[in-house]
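In: how would this look folded up:
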Amino acid sequence: MGYARVRAIGLVGSDGHPVTVEAHVAGGLPGLVMSGLPDASLSEARDRVRAAVINSGEDWPNRKVTVNLLPADLPKRGSGFDLAVAVVILAATEKLSLARLRGTALVGELGLDGLIRPVRGVLPMVLASARAGIRRVVVPAANAAEAALVPDVVALTPETLEQLVEYLRAGVPIPRPATAEQVDDDDGPDLAEVVGQERGRFALKLAAAGRHHLALIGPPGSGKTMLAQRLPSILPALDDAAALEVTALHSVAGVLPAVPRLIRRPPFQAPHHTASTAALVGGGSGLARPGALSLAHNGVLFLDEAPHFGVSVLNALRQPLEEGSVTLARSQGSTRFSARIQLVLAANPCPCGSPKGAGCTCSPLARRTYFHRLSGPLLDRIDLQVKLEPVGAAALVSQPDIQETSAQVLKRVVAAREAAAQRWAGRGFSVNAHAPGALLRCPPFRLPGSITRVLAERVDRGTLSARGYDRVLRTAWTIVDIDGRTSPTADDVREALELRTGESP
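Out: Numbers count the residues shown, from 1 in each chain. Sure thing, here's the model as predicted:
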């Protein structure tokens, strides 16, 4: 009889959790019993691990083997526990020593031939290991670059179970995998390429500076998509904490590039209008996986031709826009994914999309039905709702004016963000879009009644909601920041109101 235990890392949603894998070998009917809330793929590890052990030249115990995963109330899913199960069984049968695995966690899927195959979510697993004080991890060689993104953690990267066994028995060094060449991010499209549309460019700067949600409404060819695609180019790079969080979500979804690296540029997600609710907010059987909403965390979610999305899909955005996260309940438990996004909508003013209003063939009912697919509660959460006019021929054929490049605009956006961060220092947020309304309506940030009178009149007439009142104030503060001033004026408030409603106050 024998007993052994090793450490592993489990993944629930995008959060890693330390797990203890223990094995007990005793007399009785030969077989392997797995306990500790394993899912179907983990339960199937019995035959997978047995074949991997035998094909690695080791003997499988012809006794009763019990494997338990602690804590027992934490759901265990996926094949990432295979390596830990194989090692702990060999240790329990006294075939190898675990002395070299002190303070080490194991992650990896085993092929029937003993190869250690890559798994999703290695980055959040290694992060959880570091937070738990486990500074050494064994991960598949294919996940080596991903594990190396976590500082102060040593990663052992065997390609086969046999390599790991030889290291534990005799200290045979594990070869390091070849490092692939890093590919620099493409700078992407530049804002200078947009012809005309000064109003749209100004709204884009405000959206970047204050992290405001933006709706671009105009006929086809007016530059809605061009503007939206250039928003990431004027957003500041993510800091270390935000980059790790974003990269971890992409790791869980399995969409990291071939050579994993920290995602420093704010992500940009543009799902097709046929996307389902599950594709947008996340879904799947058992424990859910992140959708486009979470993959756009700390970045931009762009819905082109927004009225063509399903009504239920659009309404699913309302709660995440307020809370900055998505909570999905499934049969095996609830999963929370971060989803602090910047939403950008693009829409035509009517179904026919005529460049000129006079050429529109849509009935008033068709126009209302088309645009009202964007519900009032959703639009009420959009700070900037800009109407774009068609670009004239003169702007297309004349000598182009020198427009501000994305790099030039980015400098102004960074300065505006720094001013806002200094203003809100110590309050738990750093951008104007996240400022609570109660804070904006109290000293020292409460604006005089003479400045906000136009907003009060709109609220009394019922044409502006209480949420809209606060959002206009946030935009006014962003206008101040982008201009390098200290406090909004009545003109700033009126301009912010016009940018929200599309109408002159």
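In: and stretch 293-308, end to end?
Out: One end of stretch 293-308 to the other measures 18 Å (Cα to Cα, to the nearest Å).
In: do stretch 227-244 as well
Out: Terminal residues of stretch 227-244 are spaced 28 Å apart (Cα to Cα).
In: which positions in that stretch come out as buried?
Out: Within stretch 227-244, the residues that qualify as buried by neighbour count (16 or more other Cβ atoms under 10 Å) are 227-236, 238, 242-244. Backbone N, C-alpha and C define where each C-beta goes, glycine included.
In: now do the same contact list for the residue nearest to Cys360 when sequence neighbours are not counted.
Out: The shortest distance from Cys360 to any residue other than its chain neighbours is 4.3 Å, reached at Ser354 (Cβ to Cβ, 6 or more residues apart in numbering). For Ser354, the residues meeting the contact criterion (Cβ atoms under 8 Å, 6 or more residues apart in numbering) are 219, 360-361.
In: one step back: including secondary structure, distance to Ala155 and pLDDT, could the buried residues of stretch 227-244 go into a markdown table?
Out: As requested, these are arranged in a markdown table below (DSSP: H, G, I helix; E, B strand; the rest coil; distance: Cβ to Cβ, whole Å; pLDDT from 0 to 100):
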| residue | secondary structure | distance to Ala155 | pLDDT |
| --- | --- | --- | --- |
| Leu227 | helix | 42 | 94 |
| Ala228 | helix | 39 | 95 |
| Gln229 | helix | 36 | 94 |
| Arg230 | coil | 38 | 94 |
| Leu231 | coil | 36 | 95 |
| Pro232 | helix | 31 | 94 |
| Ser233 | helix | 34 | 94 |
| Ile234 | helix | 36 | 95 |
| Leu235 | coil | 31 | 96 |
| Pro236 | coil | 30 | 95 |
| Leu238 | coil | 23 | 94 |
| Ala242 | helix | 23 | 92 |
| Ala243 | helix | 19 | 93 |
| Leu244 | helix | 16 | 91 |
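In: out of the residues you listed, which two are the most distant from each other?
Out: Leu227 and Leu244 (29.7 Å; Cβ to Cβ).
In: how about the nearest residue to His212 once chain neighbours are set aside, phi and psi?
Out: The shortest distance from His212 to any residue other than its chain neighbours is 3.8 Å, reached at Asp383 (Cβ to Cβ, 6+ apart). Dihedral angles of Asp383 (phi, psi; degrees, to the nearest 10) stand at phi -70, psi -40.
In: pretty sure Asp383 contacts Thr475?
Out: Yes - with contact defined as Cβ atoms under 8 Å, Asp383 counts as touching Thr475 (5.3 Å).
In: spit out the residues that contact these two alike.
Out: Taking Cβ under 8 Å, 6+ apart as the contact rule, Asp383 and Thr475 both touch 210, 212, 499-500.
In: ok, of those, which come out buried?
Out: The neighbour count (16+ other Cβ under 10 Å) marks 210, 212, 499-500 as buried among these.
In: okay, now the domains of the protein?
Out: Following automatic domain parsing, one finds the domains of the chain at 2-170, 191-391+400-424, 435-505.
In: Arg176 is nearest to which of those domains?
Out: When these are ranked by distance to Arg176, counting by Cβ to Cβ, first place goes to domain 2-170 at 6.8 Å.
In: helices along the stretch 1-150 of the chain, start to end?
Out: Assigned by DSSP state H, counting those that start in this stretch, the stretch 1-150 of the chain shows helices spanning 40-43, 45-55, 82-92, 122-131, 144-147.
In: distance check, Ala421 against Ser233.
Out: Here the criterion is Cβ to Cβ, to the nearest Å. By it, Ala421 lies 21 Å from Ser233.
In: pretty sure Ala420 sits against Asn432.
Out: Yes - assessed by Cβ under 8 Å, Ala420 is found in contact with Asn432 at 5.3 Å.
In: looking at these two, which one has more neighbours?
Out: For Ala420 versus Asn432, neighbours defined as other Cβ atoms under 10 Å are more numerous around Asn432 (29 against 25).
In: tell me the confidence at the more buried one?
Out: The predicted structure scores Asn432 at 95 on the pLDDT scale.
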